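Colleague: one predicted model, sequence on top.
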Amino acid sequence: DFQRALDKLQQLVIQRLLELTKVNMAGTGYKLSVHIGKAIKAWSKAIASALNEYNNLVPLMTPPTPCLQWNDIVHYSFLSEFELLKHSHSQQDILCKPWMVPGNHEVAAKYFKLKHAYEELQRLNVEIC
């Protein structure tokens, strides 16, 4: 039960973090941002439910596992801040994945900014002509 609750909570929080990243990406249109915002609100309800289930099972664990508060989860902005990923109870070692390396985050962000800058230059050149 605990492993299932932990996996569900991880899945929902990671989905929320990835959607938040998508909203902040350059080139995300207004309609897509609104759609993602609605999805994030729905995930928030699911996360609250999963968090309650997780916290109800925490006292039963050996070794002890820390309880989480809603405010802790809401303030996560990067996967590396998500403490549950570091628990030994987790089946998958997500922290070893290439997309978890902070340098890779920076490179990807710079790549998309550069790509968007070229698109913006083309758009501006059309407007000038």
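Modeller: Arrived safely, thanks for sending.
Colleague: let me see the mean pLDDT of the helix or strand hosting Y118.
Modeller: If you go by DSSP states H and E, Y118 is part of helix 102-128. The pLDDT scores in helix 102-128 average 84.
Colleague: and it, what does it pack onto?
Modeller: Counting contacts by 3 or more C-beta pairs under 8 Å, 6 or more residues apart in numbering; DSSP states H and E, helix 102-128 packs against no other helix or strand. C-beta: built from backbone N, CA, C; applies to glycine.
Colleague: how far out from the middle of the chain is that helix?
Modeller: When C-alpha coordinates are averaged (C-alpha atoms, centre = their mean, to the nearest Å), helix 102-128 and its chain have centres 22 Å apart.
Colleague: swap in stretch 119-129?
Modeller: The chain centroid and the centroid of stretch 119-129 are separated by 33 Å, computed with C-alpha atoms, centre = their mean.
Colleague: where are the low-confidence patches of the chain?
Modeller: Applying pLDDT under 70 to the chain flags the ranges 22-28, 64, 76-96, 99-100.
Colleague: which stretches of it form strands?
Modeller: Using DSSP state E, no strands are assigned anywhere in the chain.
Colleague: look up how far K115 lies from the most centrally placed residue in it.
Modeller: In the chain, the centroid-proximal residue (C-alpha atoms, centre = their mean) is L17; its distance is 1.5 Å. Applying C-beta to C-beta, to the nearest Å, the value for L17 to K115 is 22 Å.
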